[in-house]
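Novice: how would this look folded up:
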Amino acid sequence: MSITRRSARRTVRVLGVASATVALALGVTNTALACNIREFSAEASCVGEKGQIVVTDKDASGQAAVITVFLENNGADAHQVGEAQEIKGSRQGTTVTFTEDWKPNAEYRIHVKAGNLVDEDIKPNLTTPSEACKKDETPAPSETPSPSESATPPAEETESPAPSKSPSESTTAPAGTASNAPSPAVGDSNLAETGANSNTGLIAGLAAALVVIGGGAVFFGMRRRGANSGS
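Specialist: Numbers count the residues shown, from 1 in each chain. The predicted structure follows:
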């Protein structure tokens, strides 16, 4: 009987240790799987020219949580961004999006409430990028033309008109104008131009030819006469 009691006690002890081990293991597992603020993150991004704030929950336990976003101004809440949204995390990560036309270098506080497990803000607060999603399209100031440019008249104005020709150049008479003047008398015209009639050259040529012919005839005649007298 005593041996049986000892065996029973040992059995109880073994079961107790095993139960404690299992409970401890389950406690550690539950603690590891419990929702934790470190499993939440946030970032500011752009979709085209629209801004948004995206909160990611990587809680593998799938604990439901409520996310609220606030714009901060000098350490105080300026206003709440949209409505609070519920999210259930996953090992891969679940996201929830808040549409917000955020300004560069703005600060946002993201609060997480997950049952009795989490009731705090994501640390540190979210600071947006230094460049906004929508580019500033303010027109550039008009350029003031420099004095040299403003003083320069248009090309048409700068071209000075061509200098007018002098009366002698601009009123040059055509070639046939000289014929309009009264012609002098025939005798005066011949004397003024050649000193004789317009046929003077022809007459002089004929006279010279006759002189040569006559001289030749006289020469040959004298030689013939001399030859006859000699014979």
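
Novice: excluding its backbone neighbours, what's nearest His79?
Specialist: Leu71 (5.5 Å; C-beta to C-beta, 6 or more residues apart in numbering). Every residue, glycine included, has its C-beta placed from N, CA and C.

Novice: for the longest strand seen in the chain, packing partners?
Specialist: Secondary structure assigned by DSSP state E gives strand 64-73 as the longest strand of the chain. Here strand 64-73 touches strand 40-47, strand 50-57, strand 76-80, strand 85-88, strand 107-114, going by 3 or more C-beta pairs under 8 Å, 6 or more residues apart in numbering; DSSP states H and E.

Novice: so which of those is the most packed in?
Specialist: strand 107-114 (a mean of 21; mean count of other C-beta atoms under 10 Å).

Novice: show me the helices in this structure, by range?
Specialist: Assigned by DSSP state H, the chain shows helices spanning 2-33, 147-151, 155-158, 167-170, 186-193, 200-230.

Novice: before we move on, the earlier item: please name the strands paired to the longest strand of the chain in the sheet, noting orientation.
Specialist: Next to strand 64-73 in the sheet, as set by DSSP bridges, lie strand 76-80 (antiparallel), strand 85-88 (antiparallel), strand 107-114 (antiparallel).

Novice: the ones you listed: which one's closest to Ala42?
Specialist: Counting by C-beta to C-beta, Ala42 lies closest to strand 107-114 out of the strands paired with strand 64-73; the figure is 4.8 Å.

Novice: angle of the closest one against strand 50-57?
Specialist: With axes from the mean of the first three to the mean of the last three C-alpha atoms, to 10 degrees as the basis, strand 107-114 and strand 50-57 are set at 40 degrees to each other.

Novice: and the angle for strand 107-114 with strand 40-47?
Specialist: Going by the same axes, to 10 degrees, strand 107-114 makes 130 degrees with strand 40-47.

Novice: quick one, what contacts Val55?
Specialist: Phe40, Ser41, Ala42, Ile67, Val69, Ile87, Thr95, Val96, Thr97, Phe98, Ile110, Ile122 (C-beta atoms under 8 Å, 6 or more residues apart in numbering).

Novice: same check on Gly93?
Specialist: Thr56, Asp57, Lys58.

Novice: those residues into CSV, with extra columns for distance to Cys35 and pLDDT?
Specialist: Shown next, in CSV, are the contacts of Gly93 (distance: C-beta to C-beta, whole Å; pLDDT from 0 to 100):
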residue, distance to Cys35, pLDDT
Thr56, 14, 97
Asp57, 9, 96
Lys58, 10, 95
